[in-house]
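In: Sequence first, predicted model second:
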Amino acid sequence: MARIRLENLRHSYQAAPTRDADWALKDVDLAWEDGGAYALLGPSGCGKTTLLNIVSGLLRPTSGRVRFGDEDVTDRAPDQRNIAQVFQFPVVYDTMSVYDNLAFPLRNRGLPAAQVDARVREIAVLLELDGMLAQRAAGLTADGKQKISLGRGLVRSDVNVIMFDEPLTVIDPHLKWRLRSKLKELHERIRLTMIYVTHDQTEAMTFADQVVVMHEGTVVQAGTPVELFERPRHTFVGHFIGSPGMNILPCEVSDGVARIAGVPVPTANRAVGVVPGARTEIGVRPEFVRFAEQGIPVRVVHVADAGRHQIVETRHGDSLIRVLLDEHQAVPAQAAHLAFDPAFTRLYADGWLAGEAR
Amino acid sequence: MLELKEVSRRVGAQTHIYPTSLVLRESVFNVLLGTTLAGKTTLMQLMAGLVPPSSGAVWFGGRDVTRVPVQQRKVAMVFQQFINYPNLSVFENIASPLRVARRPESEVRARVGHIAELLQLGPFLGRRPAELSGGQQQRTALARALVKDADLVLLDEPLANLDYKLREALREELPRLFANRQCTVVYATTEPGEALLLGGYTATVHEGRITQYGANGAVYRQPADLLTARVFSDPPINTARVLKSGGRIRLSEQVDWPAEGRLRELPDGEYTVGLRPHYVLPAPGKGGGVQLDCKVLIAEISGSESVVHFELSGMPWVSLSHGVRVFKVGEAARFELDVARCLYFAPDGARVAG
């Protein structure tokens, strides 16, 4: 096991990249500590799979280095990196028993039978597969097969990191819950470095201690789930994380005060370093908007029942402002006013949190 | 209006759909909600006429269409795995059903233009499908289904392969697209949250049977039985055995509460209680509930919500609350059950109170 260091990685799939858009990865610099639980989160095309393939060795970066501990592994083949991977679709040998599936990576490496047996049984208990070791893999359900895939990744004790590429995408929601918490529990027990690649914010946020949000080949923010939720550095993070995402509302700034339709909006950050002509926006999550006696005048246009809460769509002029209410809370009639919680209301200039170094 | 009358489907010795009767509403979103292999796709194939029922009849618009081949019905379908013609432009992909119907060029242009605008495909009409993102390809498939005047539109997990955020946007867009159309829309999903947000009506499907059909909110909040409650819950609904006796509901030696309202009229005996995770809050909760201590098995923070897994009477339970709460795995924590929100099910599964 080792600390993973990605130094100034750049990658282009083109032989002679010239424009900015030619780069799938644009200068990514990251460190993953030994034993951590990390997620790479972003929409398709953001560069997360490219990054994953560079770490696993399937791709050689156009420039930059990959280090595991003190060793530079940039030029090493995947099989020389001691990495385990779990993919979206379970990789299982249907004709083999559950036991033989789990034992396969170890036998492949020539481990003595006694050691193989001990390790297989240990992992099987962790994954609650111990009752079905003799069963053929073919008869298992989708989540059962994905558990075997996980087990085959976990069974080796010599891996530097285990990487998951959208492992729960094909799993039904109610099983997803079980498998996701199982994965979390496993991480707490074995403390192996885990990197989880997904476009699903719920999976990323519940699994990882640190989430790396990617957008157009760059890392826009890396932080704990709470940081990403409460203090997005960029409007993209505000929008991408949270369901529904953050309200992003055009505003005017004068004398250091942000205003929407002339109504002053107190913000947690100050309007410093906002260059003239910059696009200025207020970011506030639907969770931190409430109906009030006074504030920004709006019309209620739609109420969606999301079960445990209601998503209320309101309009102020052309701007759509969403409000999250609890399941049984009363929704005002058409005309109403909105107030934002100042502690969670932020000013963004050209997409970035105002007053922050980029 | 689409009606299934005692329709069943057997393949060899296997029953895929048990005799099912259902009258679907027109001009609303009808959702088939259930796990993979519950029978959603088979139900849609029966509705479309893609497979014949083993028994029963399918009626549409007041006539028996059971033996009418799919080509002669006005049906549009969109599948999870979007299908487009790779060698045709986006425009021609969308236009293809109109070409088959030999509509005049001016009409084709007008209708394709209109639907492309609705689905924000305007700028891409000259491209080939392979030059589009997954979301744009799926919107192309949707546009093709919408461009013709279908009486029945079947959408089989159309958003399943798309990115999370795109799904969120299309999930809002779709019901609006159909809001002013005279057709019956059926949408299959495995996700309870999606079923709720699409609005309209939901049929819960479990192992080849429809367990309930009704307005979304009603099926979600007043499920007819325990199976329906389980199908229509994400995260999974918490359940436990309880005993009613002496005017009290007893969950364990230490935990009980008074039997109030309709509960009072129930005969003494065993019941199953169901309580959704957002009614199980870390103490002190909202007050007025029943408190209990449990050992924390797993704690997750999603940024805006905290999820705690624990065990209650041998069953896995989940608490879901707003905000960030830190719990130590393996330690005891106190939770408050909002027992006024409990659903009660008889031993045969029927909801009897709550």
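Out: In hand now; what should we look at?
In: Outline the domain layout of chain A.
Out: Following automatic domain parsing, chain A resolves into domains at A:4-230, A:248-353.
In: any bit of the longest one sitting next to chain B?
Out: Pointing back at domain A:4-230 there. Yes - counting by Cβ under 8 Å from any Cβ of the partner chain, contacts between domain A:4-230 and chain B involve A:43-45, A:142, A:172-174, A:177, A:180-181, A:184-185, A:188, A:199-202, A:205-207, A:225-226, A:228-230. (Glycine included, C-beta is placed from N, CA and C.)
In: Mean pLDDT added to the domains of chain A, as CSV?
Out: Listed next are these as CSV, based on pLDDT from 0 to 100:
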stretch, mean pLDDT
domain A:4-230, 91
domain A:248-353, 94
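In: what about the residue in the stretch 151-300 of chain A positioned nearest to chain B, how many neighbours?
Out: Proximity of the stretch 151-300 of chain A to chain B (Cβ to the nearest Cβ) peaks at A:Phe229, 3.1 Å away. Residues lying near A:Phe229 (other Cβ atoms under 10 Å in any protein chain shown) number 26.
In: I'd like the next helix or strand past whichever strand or helix holds it.
Out: Assessed by DSSP states H and E, A:Phe229 sits inside helix A:225-230. Following helix A:225-230 in sequence order, the next helix or strand is helix A:235-240 (DSSP H and E).
In: Return the residue spatially closest to the residue in the stretch 251-358 of chain A positioned nearest to chain B, with its sequence-adjacent residues excluded.
Out: Nearest residue of the stretch 251-358 of chain A to chain B, counting by Cβ to the nearest Cβ: A:Arg308, 4.1 Å away. Distances taken as Cβ to Cβ, 6 or more residues apart in numbering or on different chains place B:His278 nearest to A:Arg308, at 4.1 Å, with adjacent residues excluded.
In: Tell me which residues touch the one you found, please.
Out: Applying Cβ atoms under 8 Å, 6 or more residues apart in numbering or on different chains to B:His278 gives the contacts A:308, A:327, B:320-321.
In: Please identify the deepest-packed of the domains of chain A.
Out: Each of the domains of chain A was scored by mean neighbour count; the highest is domain A:4-230, a mean of 18, by mean count of other Cβ atoms under 10 Å in any protein chain shown.
In: could you pull out the helices for the chain?
Out: Picked chain A for this. Taking DSSP state H, the helices of chain A run over residues A:48-56, A:98-108, A:113-126, A:142-154, A:173-190, A:201-207, A:225-230, A:235-240.
In: Chain B, not that one
Out: Under DSSP H, chain B gives helices at B:40-48, B:90-100, B:105-118, B:134-147, B:164-178, B:192-197, B:216-221, B:226-231.
In: May I see these organised as TSV, with mean neighbour count and distance to chain A added?
Out: Converted to TSV, those look like this (neighbours: other Cβ atoms under 10 Å in any protein chain shown; distance: least, Cβ to the nearest Cβ, whole Å):
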stretch	mean neighbour count	distance to chain A
helix B:40-48	22	12
helix B:90-100	20	19
helix B:105-118	16	18
helix B:134-147	23	6
helix B:164-178	18	5
helix B:192-197	22	5
helix B:216-221	19	5
helix B:226-231	23	8
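In: hey, what's A:Asp72 bridged with?
Out: A:Arg67 (DSSP bridges).
In: That one contacts A:Gly64, doesn't it?
Out: No - A:Asp72 lies out of contact with A:Gly64 (Cβ atoms under 8 Å); the separation is 10.9 Å.
In: show me the residues around B:Val28 that make contact.
Out: Applying Cβ under 8 Å, 6+ apart to B:Val28 gives the contacts B:185, B:199-201.
In: Where neighbours are concerned, which of those has the most?
Out: Going by other Cβ under 10 Å, B:Val185 tops the contacts of B:Val28 with 25 neighbours.
In: so how far is chain A from that one?
Out: 17 Å (Cβ to the nearest Cβ, to the nearest Å).
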